[in-house]
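Undergrad: build me a model:
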Amino acid sequence: MRWCRFERGGVPSFGVIVDEQVCPVDGDPFAGHRPSGEPVALAEVRLLAPVLPPTFFAVGLNYASHIEHARERGYALAVMPERPEIGYRANSALIGPGEAIVKPADCTGRFETEGELVAVIGRRVRHCSREQAVDAVFGWTIGNDVSAREWQRSDRTLWRSKNSDTFKPMGPWIETDVDALAATTTVSLDDTEVARFATGDMIFDPYDYIREISRYITLMPGDVLWMGTESVVAMEPGQTVGVTISGIGTLSNPVELEKSSAAAEEK
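TA: Below is the predicted model:
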């Protein structure tokens, strides 16, 4: 099943996508739902980030080649992890498919895209086994972990390098019927492929992380877990970046440069 969150007439709603149509529902995929209204063509609605998570979990270095890439660029913490460890991101950074990634006017240095598999949690989880962790995943979507590397090196935390507004595109929907760890991830700039890797070629898989998180933190329905990336690609304003995971879909977003405060005031 393919779940989406969409806006029509200014009102957000969940829906199920069937044959290029969106079937609206009252409720949500996690707590219960019922059909609501007539189907509408997918092309006639605006897709939103497919879920607003209670908690936004994010894995850092989870692919060996990404660790090597970071090490080459002098990132001191780029070492092979010995166990699953998790971080967090801001919901305020989330945008949906087609929305613009905005590079802040004062952001210099490498501005990068990281295509990531995202696990969507479907049930409350605490102290779970691996089998229970597998059952806890409701479905899968796609994330683009936008990163401002100069800020990542200069700031004491990731507060703006990873969490600035528009830095976390997610979508286009949640796919529940796919073997995500057997998929292939590709990244494109202006429809030209620039990176490709085996999605499941992770150091620790999603179920390792869910088990570890649940030892200390309760995961809730709608939580998301971004799984890291193998590829790191520089992008620039004026380009469109696409992240495709086979069996799920494509998340595409244009990149824009923020207007300077002076220009905004003149306008």
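Undergrad: okay, buried residues for stretch 238-251 please.
TA: Judged by neighbour count (16 or more other CB atoms under 10 Å), stretch 238-251 contains these buried residues: Gln239, Thr240, Val241, Gly242, Val243, Thr244, Ile245, Ile248, Gly249, Leu251. Bear in mind the C-beta positions are built from the backbone N, C-alpha and C, glycine included.
Undergrad: can you check stretch 28-47 too?
TA: Pro29, Phe30, His33, Pro39, Leu42, Val45, Leu47.
Undergrad: and that stretch, how far apart are its ends?
TA: 15 Å (CA to CA, to the nearest Å).
Undergrad: average pLDDT for that stretch, rounded please.
TA: Across stretch 28-47, pLDDT averages out at 95.
Undergrad: got the contact list for Thr185?
TA: Contacts for Thr185 (CB atoms under 8 Å, 6 or more residues apart in numbering) come out as 115-117, 195-199, 229-231, 243-246.
Undergrad: so it: helix, strand or coil?
TA: At Thr185 the chain is in strand, as set by DSSP: H, G, I helix; E, B strand; the rest coil.
Undergrad: is it in a bridge, and if so with what?
TA: Note on Thr185: beta-bridge partners Phe197, Ile245, judged by DSSP bridges.
Undergrad: now it: how far from Asp106?
TA: Relative to Asp106, Thr185 is positioned 31 Å away (CB to CB, to the nearest Å).
Undergrad: which among the contacts of Thr185 end up buried?
TA: For the contacts of Thr185, buried by 16+ other CB under 10 Å: Gly115, Glu116, Leu117, Ala195, Phe197, Thr199, Thr229, Glu230, Ser231, Val243, Thr244, Ile245.
Undergrad: which ones among those residues lie within strands?
TA: Gly115, Glu116, Leu117, Ala195, Phe197, Val243, Thr244, Ile245 (DSSP state E).
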